[in-house]
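>>> Sequence first, then the predicted structure, then my questions.
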Amino acid sequence: MFYVKFLISFYAAVILLVSHYIWAQSSNVYSIKTVVIDPGHGGKDPGTHGLNFKEKDISLAIALKLEELFKTYLPDIKVFLTRRTDEFVELEERAQIANRNKADLFVSIHCNAAGKPVMVKNPKTGKFVPKKVKNSRGKYVVVETINPEPFGSETYVMGLKNEQGKMNVAMRENAPILLEDNYKQKYQGFDPESEESYIIMSNYTSAYVIQSAKLAMKIQQEYKNKAGRIDKGVHRQSIWVLWRTSMPSVLTEVGYLTNPNEEKFLGSEIGQKYIAACILNAIRKYKYEIAGKEINFDDEIEKLPPLENENIQLGILPKNSNSDDTLVNNNITNSTNNTNISKDSTQKKTNNEIIFRVQFKISDKPIDIKEEEPLEKIWYYMSGSLIKYTTGSFTRLEDAVLYLRKLKENGYKDAFIVAFKGDERISIEEAKKLLSEIEEKKK
Ligand SMILES: [Zn+2]
């Protein structure tokens, strides 16, 4: 009997020990002890800029404020910054700082920029086409001018969903590589400006993507609820620092420096304080959530009075510009001067119509449209550095299908149908869904 009792208590002790061990292990896995904050750009790489501020200065100011908040509100967490001054830190090194310090989270802070192509008159055709110049690496690129309209915040996690022409954030945030010495060797031939080159990241496994997205969503929520930011969502793009870090990682675009009102906010002490507070609050909520603890914070951070958006206060509404497939001066055949371009873009704000077109050509240089003149209603849209040409404009998919058939018979074998909602390129499926919803409403 004693023996049985002994055995029971022995096993109970073992179970207790084992479960305690498992608990300790899992709380290890799910606790955040070290965070690396990465202020984007620096030194010879200013990043983007507005009228008065550079991205490198704003990202550093926010990072330093965030570090201070950690000391007060999350003193148990060790915080490293990838830079503390205006210095150039290589992209790979930023990721390695996080890896070497065994960080549990990596947060890269950046500012967004919006551009639109400069249009020039083709002397032969008299039509306006995007101006292109050869850059220092011998590649033809569209000359862009600032687009002051877009504003709002968005946060990125690593992803391979590199849709053609929707990689502008990845391309811009990976571009500092080109300023590094010997980058061709160091980055195994990776060229941040070439869409094809992104194949190098295809060995990415999504081990941390769910956690990263969880944190990204919390950051966006805080921006929206506290800092009055327009929530432009969480997105996936192939961003070098996110690819190379082996822990949940996000890159947050706190706002647009190309929007003068948002720039003013991001350049202000109060704006930077709010953005830092939002990131901190998101991190601590994330920390407690993954530890399975529910804590209601009741402090200055949680009680920050919500701000109103400065653009909306001025009556400026956000454009539905979640895509980089923004149409610029979209009707080539009708545009005769630059004033037409701006007229077009103001009209587009309210135009959410679903339109089907047939895409027939992609080119990295403007083509002479005259050659294509038998086609009707030629439109084009920019996709990164590519110009995508479409023809026809239909409100019914069936009509676009008939037109496509005709085009194919006439030698346009690779043509296919593309759908738009106002300015925004959407999938055919989505267009069909939206159209059927509109039909439903009519009934
Ligand atoms: Zn940046």
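Sure, I can see it.

>>> bridging residues for Thr145?
On the basis of DSSP bridges, Thr145 is bridged to Lys116.

>>> Determine the number of other residues adjacent to it.
When neighbours are counted by other C-beta atoms under 10 Å, Thr145 registers 12. C-beta here means a position set from N, CA and C on the backbone, and glycine is covered the same way.

>>> How much space separates it from the ion?
19 Å (C-beta to the ion, to the nearest Å).

>>> pretty sure that residue is touching Ala113, no?
No - applying C-beta atoms under 8 Å as the test, Thr145 and Ala113 come out as separate, 11.5 Å apart.

>>> For the stretch 101-250 of the chain, which residues are neighbours of the ion?
The stretch 101-250 of the chain has residues 110, 173 near the ion, with proximity defined as C-beta under 5 Å from the ion.

>>> So, low pLDDT: which residues of the chain?
Confidence mapping of the chain against pLDDT under 70 gives the ranges 1-30, 161-165, 319-351, 364-374, 382, 384-386.

>>> Can you tell me the closest non-neighbouring residue to the residue of it found nearest the ion?
The nearest approach of the chain to the ion comes at His110, 3.4 Å away (C-beta to the ion). Spatial nearest neighbour of His110, chain neighbours left out: Gly40 (4.0 Å); criterion: C-beta to C-beta, 6 or more residues apart in numbering.

>>> Check whether the one you found really touches Glu55, as I assumed.
Yes - counting by C-beta under 8 Å, Glu55 is a contact partner of Gly40 at 6.3 Å.

>>> So between those two, which is more surrounded?
Gly40 (30 against 27).

>>> Roughly how far does Thr390 sit from Gly115?
As judged by C-beta to C-beta, to the nearest Å, Thr390 and Gly115 stand 21 Å apart.

>>> out of the two, which sits in the more crowded spot?
Taking neighbours as other C-beta under 10 Å, Thr390 and Gly115 compare with Thr390 leading, 25 against 20.

>>> same for the helix or strand where the more buried one lies, what does it pack against?
Applying DSSP states H and E as the criterion places Thr390 in strand 386-394. Under the contact criterion of 3 or more C-beta pairs under 8 Å, 6 or more residues apart in numbering; DSSP states H and E, strand 386-394 touches strand 354-363, strand 379-383, helix 397-409.

>>> partners of that strand, with directions?
Assessed with DSSP bridges, strand 386-394 is paired to strand 354-363 (antiparallel), strand 379-383 (antiparallel).

>>> how about those strands in TSV, adding distance to the ion and mean neighbour count?
Shown next, in TSV, are the strands paired with strand 386-394 (distance: least, C-beta to the ion, whole Å; neighbours: other C-beta atoms under 10 Å):
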stretch	distance to the ion	mean neighbour count
strand 354-363	27	20
strand 379-383	20	23
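
>>> For Glu409, which of the ones you listed is the nearest?
strand 354-363 (12.7 Å; C-beta to C-beta).

>>> Not counting the closest one itself, show me its contacts.
367, 372, 375, 379, 383, 386-397, 399-400, 403-404, 407, 412, 414-421, 426, 428, 431, 434-435, 438 (C-beta atoms under 8 Å, 6 or more residues apart in numbering).

>>> hang on, the earlier thing: give the intersection of the neighbour lists for Gly40 and Glu55.
Residues touching both Gly40 and Glu55 (C-beta under 8 Å, 6+ apart) are 47, 110-111.

>>> Now intersect these with the strands, please.
110-111 (DSSP state E).

>>> Name only those of the shared contacts of Gly40 and Glu55 that count as buried.
47, 110-111 (16 or more other C-beta atoms under 10 Å).

>>> one step back: and the residue nearest to His110, how far from Pro260?
On the measure of C-beta to C-beta, Gly40 and Pro260 end up 21 Å apart.

>>> Could you do Leu69 as well?
Distance from Leu69 to Pro260, by C-beta to C-beta: 28 Å.

>>> just His41 next, same as before
If you measure His41 against Pro260 using C-beta to C-beta, the figure is 20 Å.

>>> Could you tell me which residues make contact with Lys226?
274, 277-278, 281, 304, 306-307.

>>> for Val89, same thing?
For Val89, the contacting residues are 42-43, 82-83, by C-beta under 8 Å, 6+ apart.

>>> tell me the secondary structure for it?
coil (DSSP: H, G, I helix; E, B strand; the rest coil).

>>> And the strands in the stretch 51-200 of the chain, which stretches?
78-81, 105-112, 115-117, 119-121, 128-130, 132-134, 140-142, 144-146, 153-158 (DSSP state E, counting those that start in this stretch).

>>> in stretch 176-189, what's buried?
176-178, 180, 183, 187.

>>> biggest separation within these, which pair?
Applying C-beta to C-beta across the buried residues of stretch 176-189, the maximum distance is between Pro176 and Tyr187, 11.2 Å.

>>> what sits up against stretch 275-287?
31-32, 35, 62, 65-66, 68-70, 73-74, 77, 105, 107, 109, 214-215, 218-219, 221-223, 226-227, 252, 254-255, 266, 297, 301-302, 304.

>>> same thing with stretch 170-179?
40-41, 44-45, 47-48, 88, 90-91, 110, 113, 137, 156, 162, 183, 187, 190, 192-193, 198, 237-241, 251, 384.

>>> what's the answer for stretch 185-196, then?
Residues outside stretch 185-196 that contact it (C-beta under 8 Å, 6+ apart): 90, 92, 137, 139, 141, 162, 164, 167, 170-171, 174-175, 177-178, 180, 197, 200, 240, 384-385.

>>> Drop anything exposed from those.
By 16+ other C-beta under 10 Å, the contacts of stretch 185-196 give 90, 92, 141, 162, 167, 170-171, 174-175, 177-178, 180, 197, 200, 240, 384-385 as buried.
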